[in-house]
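Asks: Provided below are the primary sequence and the corresponding predicted coordinates.
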Amino acid sequence: MEKSMTKNEVFERNGYLFLPGLVSNVEDIYCEPPLDEHGKRLTGQLKYIRSDKFFYEPEEGQVSGALARYNVPVYKELHFLVRKAVEKELGIDLLPTYFYDRYYYVGQELKRHKDRPACEVSVTLQISTNSTKPWPIWFQRPDGSEASITMKNGDAAIYKGCEREHWRDPLQSKYGKWENKWRTFRKKEDDTYHHQIFLHYVNAQGPFVHFANDM
């Protein structure tokens, strides 16, 4: 980041901003990839109404075979705290819309896309991964160029979700070629995963203010 530019100016110029170490105690919100009743990784969508009630759908709408969990109560405080941190970093006022987390599994990708207006100002935060290889998220800048960010646990990126196209290439296995052959022979599932949470907001003085609280 150029010394003469504020973080807000960099955010406006590029459409995204990297925030390393945004959450220092990320291990406190760590959660193992959930399993189904057969001991296999759980896929689909969980939509929470309250802490003890949720709806389940067998297909995850955006990343087939992944697991997405909407409005998990344990992340409600994080949604508030990250909003305050982003307001301080950018010098703007935000209103919350919604949040969800996703478990990606080996071979899955996030296709190039833009988000709906409730994602005017979005934060993607890496919670955990067992992959041994960096898995960058890509953004298209307003000038048409493309750039990527590689995160560690606790790192985050703020981005203009409904303006900037963003994507990830397929998640690579943490195992080598021959180890994968051995695991296939032994009928062992590849357990490579990546856990990310998405926290969405709108500018309190912006054109999408009516999407506050995801209304």
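Replies: Alright, I've got the coordinates. In this text the structure is predicted, and so the values were computed from the model without any measurement.
Asks: alpha carbons only for contacts and neighbour counts from here, please
Replies: Noted.
Asks: What lies in contact with the longest helix along the chain?
Replies: Counting residues, the longest helix in the chain under DSSP state H turns out to be helix 76-90. Helix 76-90 is contacted from outside by 7, 8, 11, 93, 94, 95, 96, 99, 158, 199, 201, using C-alpha atoms under 8 Å, 6 or more residues apart in numbering.
Asks: export it as CSV, just CAs?
Replies: The C-alpha coordinates for helix 76-90 follow below in CSV (Å, rounded to 0.1, in the frame of the first residue of the first chain):
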residue,chain,number,x,y,z
LYS,A,76,-23.2,-13.6,15.6
GLU,A,77,-20.8,-11.7,17.8
LEU,A,78,-18.1,-12.0,15.2
HIS,A,79,-20.4,-10.3,12.7
PHE,A,80,-20.7,-7.4,15.0
LEU,A,81,-17.0,-7.2,16.0
VAL,A,82,-15.8,-7.4,12.4
ARG,A,83,-18.2,-4.6,11.4
LYS,A,84,-16.7,-2.3,14.0
ALA,A,85,-13.1,-3.2,12.9
VAL,A,86,-14.0,-2.5,9.2
GLU,A,87,-15.7,0.8,10.1
LYS,A,88,-12.4,1.8,11.9
GLU,A,89,-10.2,0.7,9.0
LEU,A,90,-12.3,2.4,6.2
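Asks: Now it: buried residues?
Replies: Residues of helix 76-90 classed as buried: 79, 82, 83, 86, 87, 90 (neighbour count, 16 or more other C-alpha atoms under 10 Å).
Asks: Which helix or strand lies directly C-terminal to the worst-scoring helix or strand of the chain on mean pLDDT?
Replies: Here the helix or strand of the chain ranked lowest by mean pLDDT, DSSP states H and E is helix 177-185, holding a mean of 74. Note on helix 177-185: by DSSP states H and E, the next helix or strand toward the C-terminus is strand 193-203.
Asks: for the record, mean pLDDT for that next one?
Replies: Averaged over strand 193-203, pLDDT sits at 98.
Asks: Same question for stretch 151-168.
Replies: Averaging pLDDT along stretch 151-168 gives 98.
Asks: Widest-spaced pair of the contacts of helix 76-90?
Replies: Pairwise distances across these peak at 23.5 Å for 7 and 99 (criterion: C-alpha to C-alpha).
Asks: Mind checking which of those two has more residues around it?
Replies: Ranked by neighbour count (other C-alpha atoms under 10 Å), residue 7 and residue 99 place residue 99 first, with 23 against 19.
Asks: then the least confident helix or strand of the chain to CSV, C-alphas only?
Replies: Extracted in CSV, the C-alpha atoms of helix 177-185 (Å, rounded to 0.1, in the frame of the first residue of the first chain):
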residue,chain,number,x,y,z
LYS,A,177,0.3,-38.1,-6.3
TRP,A,178,1.4,-41.5,-4.9
GLU,A,179,-0.2,-41.0,-1.5
ASN,A,180,-3.5,-40.2,-3.2
LYS,A,181,-3.2,-43.4,-5.3
TRP,A,182,-2.6,-45.4,-2.1
ARG,A,183,-5.6,-43.7,-0.4
THR,A,184,-7.8,-44.5,-3.4
PHE,A,185,-6.7,-48.1,-3.3
